[in-house]
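Peer 1: quick check, what structure comes out for this input:
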Amino acid sequence: MILCTFATLFGQLTSSRIRSDFISDTANAANRLQERLTITPHSPAGYKIRPSLELYGYPNNAAIRLFWGDRRPLPGGTTPSAPDLGPPLEAGTRESNGYLIETRYAFVRSEGASAAQLAIPLWIEYARPLEDLESTINQLRLLLVLGVLGGALLALLGGLALARRSLRPVTDLTAAAQEIARTRDPDRHVPEPPTDDEVAELARTFDEMLTSLEASRQETEDALTRQRDFVADASHELRTPLTSILANLELLSDGLEGEGKEAASSALRSSQRMRRIVADLLLLARNDDQQTATQGSVDLALVTREAASEAEALTSDHLLTVEVDGSVVISGDQDQLHRMVTNLVENAVRHTPSGTSIKVRLDSSVTSAILTVEDNGPGIPSERRGQIFERFVRHAGDSGGSTGLGLAIVSTVAEAHNGRVLVEDAEPGARFVVELPLFETNGS
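Peer 2: From the prediction side, this is the model:
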């Protein structure tokens, strides 16, 4: 835009100057011809004209015509190939038939044999083709157009080269940031440009930010590690005294009567619930610590039937249906898988009203075992589905019967066995689907 604006202004000014110079040169040439022109008769019908009209007009490609005072053409007073521009009308400047014409009325000297000078009235027409002027202006415009295009191209190439060179540090920073994001390696550093400018300051700030983030991440990891160790150690240490408490409470419950027996039974139930919470916390802590569970071939069909039977014994107001055929062998820890199935069934029992139908089904595909626990209860609101597998998240309206760890353990066990758990609509109700890979040596 700057080049185009400059070229337009420069072209207009230069064209005006060229046109003005053309007119001025034409007028000056006509004036000089008027001053220098002499006519000398050398025969009754012939005249010798000085300077030579053809030679005088040649530098400017001009056409020159001479007329007597009464506007009759002067014999021999016309340059070759001069166009017919009509008789002179009045002194001055005009344009006609593509020519700029300067007309002068003058008394021209006439020298005789005796050198006596006479003044002869003549009309002088000095005409230059406007085509020469337009050609010069068009050449100027062409040069300006080529200059704009060439200048724009050079500016573009120079700008690209300069931008590429200037943005190379930013590109290196971006590439380093993408590599850090891909590898998640906070020990990597971004390259710092050799020039001490804003980009170098950005690189240093970015490095300082990575260092701070790594320190913060390390502090968080250390805190989480200490917390996991504490939970695991506490859970492990609590198992022995809880076992002793449960054994004693069972003896007391069997040996007491009346209110004492009821109090002992209540304490026994609370202790059993505490033991289960401790076991759940220990399982989660071990999985958080990435401790590999005991792996072996497990018949998931058998585990599913046993877990469903245990859950069925705990409720009499739900209709529980188990559809398990044959044997489905996977690789995993039998106790954890048993806990996973039990938690799914108990979750369906706990959060659905009496009379709800619960269906447990186990299928298998070419590569996976698919466990489905479905109910026709009220279902799970869509806005809570992203939270139900988090720890200590309870169902709306839960008055304390749930610890909020059941579905978290289901998700943890599924992930520990390279599987996944999904929640879907059963229309009505909810459907939990667990997909686990089959045992490697199992035929497919």
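
Peer 1: what is the burial count for Ala203?
Peer 2: If you count neighbours by other Cβ atoms under 10 Å, Ala203 ends up with 20. In this view, the C-beta of every residue, glycine as well, is placed from N, C-alpha and C.

Peer 1: what's the one helix or strand it maps to packed up against?
Peer 2: Counting by DSSP states H and E, the element that carries Ala203 is helix 198-255. Secondary-structure packing of helix 198-255 (3 or more Cβ pairs under 8 Å, 6 or more residues apart in numbering; DSSP states H and E): helix 130-183, helix 258-288.

Peer 1: repeat that for 6 Å
Peer 2: When contacts are defined as 3 or more Cβ pairs under 6 Å, 6 or more residues apart in numbering; DSSP states H and E, helix 198-255 packs onto helix 258-288.

Peer 1: what pLDDT, on average, does the helix or strand that comes right after the helix it packs on get?
Peer 2: Where DSSP H and E defines the elements, the next helix or strand beyond helix 258-288 is strand 296-299. In this model, strand 296-299 carries a mean pLDDT of 87.

Peer 1: contacts for strand 296-299, please.
Peer 2: 327, 329-330, 332, 334, 337, 439 (Cβ atoms under 6 Å, 6 or more residues apart in numbering).

Peer 1: poorly predicted segments of the stretch 51-200 of the chain, please.
Peer 2: Residue ranges of the stretch 51-200 of the chain with pLDDT under 70: 111-118, 186.

Peer 1: go again using 90 as the cut-off
Peer 2: 51-54, 56-61, 68-78, 80-98, 106-120, 130-138, 140-142, 144-145, 147-152, 154-200 (pLDDT under 90).

Peer 1: tell me which residues in stretch 164-183 are buried?
Peer 2: Residues of stretch 164-183 classed as buried: 169, 172-173, 176, 180 (neighbour count, 16 or more other Cβ atoms under 10 Å).

Peer 1: which pair in those spans the largest distance?
Peer 2: With distances taken as Cβ to Cβ, the most widely separated pair in the buried residues of stretch 164-183 is Pro169 and Ile180, at 16.3 Å.

Peer 1: buried among the contacts of strand 296-299? Make that a ChimeraX selection.
Peer 2: A single ChimeraX command selects the buried members of these (16+ other Cβ under 10 Å):
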select :329,330,332,334,337,439
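
Peer 1: just the angle between the helix holding Ala203 and helix 130-183, please?
Peer 2: Helix 198-255 runs at 30 degrees relative to helix 130-183, counting by axes from the mean of the first three to the mean of the last three Cα atoms, to 10 degrees.

Peer 1: and helix 198-255, how far out from the chain's middle?
Peer 2: Distance, stretch centre to chain centre, for helix 198-255: 39 Å (Cα atoms, centre = their mean, to the nearest Å).

Peer 1: now the angle from it to helix 258-288?
Peer 2: Using the same axes, to 10 degrees: helix 198-255 against helix 258-288 is 150 degrees.

Peer 1: quick one: residues contacting Leu249.
Peer 2: If a contact means Cβ under 6 Å, 6+ apart, then Leu249 has 264, 267-268, 271 as its contacts.

Peer 1: Arg94 should be in a strand, yeah?
Peer 2: Yes - counting by DSSP: H, G, I helix; E, B strand; the rest coil, Arg94 is located in a strand.

Peer 1: surely it and Ile101 touch.
Peer 2: Yes - between Arg94 and Ile101 there is a contact at 5.3 Å, judged by Cβ atoms under 6 Å.

Peer 1: those two - which one has more neighbours?
Peer 2: Taking other Cβ under 10 Å, Arg94 and Ile101 do not tie; Ile101 has more neighbours (22 against 15).

Peer 1: check contacts around that one.
Peer 2: Per Cβ under 6 Å, 6+ apart, neighbours of Ile101: 94, 125, 127.

Peer 1: separation between Ile370 and Leu300?
Peer 2: 10 Å (Cβ to Cβ, to the nearest Å).

Peer 1: looking at the two, which is more packed in?
Peer 2: Leu300 (28 against 16).

Peer 1: please name the nearest non-neighbouring residue to that one.
Peer 2: Val328 (4.7 Å; Cβ to Cβ, 6 or more residues apart in numbering).

Peer 1: can you classify Asp84 as helix, strand or coil?
Peer 2: coil.

Peer 1: mind listing what Glu390 touches?
Peer 2: Residues counted as contacts of Glu390 (Cβ under 6 Å, 6+ apart): none.

Peer 1: wait, is it part of a strand?
Peer 2: No - secondary structure assignment (three-state DSSP) places Glu390 in coil, not in a strand.

Peer 1: what separation do you get for it and Glu424?
Peer 2: 18 Å.

Peer 1: kindly report the same for Leu37.
Peer 2: From Leu37 across to Glu424, the span is 111 Å (Cβ to Cβ).

Peer 1: higher neighbour count, those two?
Peer 2: Leu37 (22 against 15).
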